[in-house]
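Student: This is a predicted model, with the sequence first.
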Amino acid sequence: MTKNSLLALSLLCGLTILNSCNNADTSKTKAEKESKPTFDLTVAKNEIEEANRNFMDLVAKGDSVGLANSYTTDAKFMSAGAPAVVGRANIQRAMSEIVKSGITKVDLRLKEVLGQKI
């Protein structure tokens, strides 16, 4: 593997980890804040798989803007051997470099989801 391919692969692995970032909705009503939170492993798995499919499609299309929009505005993108990239605009530039490196496919597979139902 070339150094650029290894860097691009590291960046994509970092993307996978950070791709699940999400801005929390702070406009909840009092009843919503007081209600007991629920967590469903099946729903979580389906949402992760959908995000992975979307991410793979964006890589295949070479859509660095779409890839960057998978992250929150204050996200940090970290890759092995490189400094952290902070913020969506900077992440978009990093994604553009990945696309320019020639990567056209990434295969994200969810093995299992662990957690406790609340």
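Tutor: Received it, and whenever you're ready, just let me know what you need.

Student: for this structure, which helix is longest?
Tutor: helix 41-61 (DSSP state H).

Student: Helix or strand next in line after that helix, which one?
Tutor: helix 64-68 (DSSP states H and E).

Student: Next, the buried residues of that next one.
Tutor: Neighbour counts over helix 64-68 (16 or more other Cβ atoms under 10 Å) mark 64, 66-68 as buried. The way it works is simple: take the backbone N, C-alpha and C, and place the C-beta from them, glycine included.

Student: mean confidence for that helix?
Tutor: Averaging pLDDT along helix 64-68 yields 95.

Student: try stretch 74-85
Tutor: On average, stretch 74-85 scores 91.

Student: Who are the packing partners of the longest helix of the chain?
Tutor: Counting contacts by 3 or more Cβ pairs under 8 Å, 6 or more residues apart in numbering; DSSP states H and E, helix 41-61 is packed against helix 3-18, helix 64-68.

Student: Confidence-wise, which of those is weakest overall?
Tutor: Across the helices and strands packed on helix 41-61, the lowest-scoring stretch is helix 3-18, with a mean of 53.

Student: tell me which of the buried residues of helix 64-68 is nearest to residue 110?
Tutor: Closest approach to residue 110 among the buried residues of helix 64-68 (Cβ to Cβ): residue 67, at 18.6 Å.

Student: now the closest one: how far from residue 57?
Tutor: 10 Å (Cβ to Cβ, to the nearest Å).

Student: Distance check, residue 107 against residue 100.
Tutor: Distance of residue 107 to residue 100, given as Cβ to Cβ: 20 Å.

Student: Tell me who's in contact with residue 67.
Tutor: With contact set as Cβ atoms under 8 Å, 6 or more residues apart in numbering, residue 67 has these partners: 15, 55, 58-59, 91-92, 95, 98-99.

Student: distance of the nearest residue to residue 116 once chain neighbours are set aside from residue 113?
Tutor: Leaving aside its sequence neighbours, residue 116 sits nearest to residue 39 (Cβ to Cβ, 6 or more residues apart in numbering; 7.4 Å). Applying Cβ to Cβ, the value for residue 39 to residue 113 is 10 Å.
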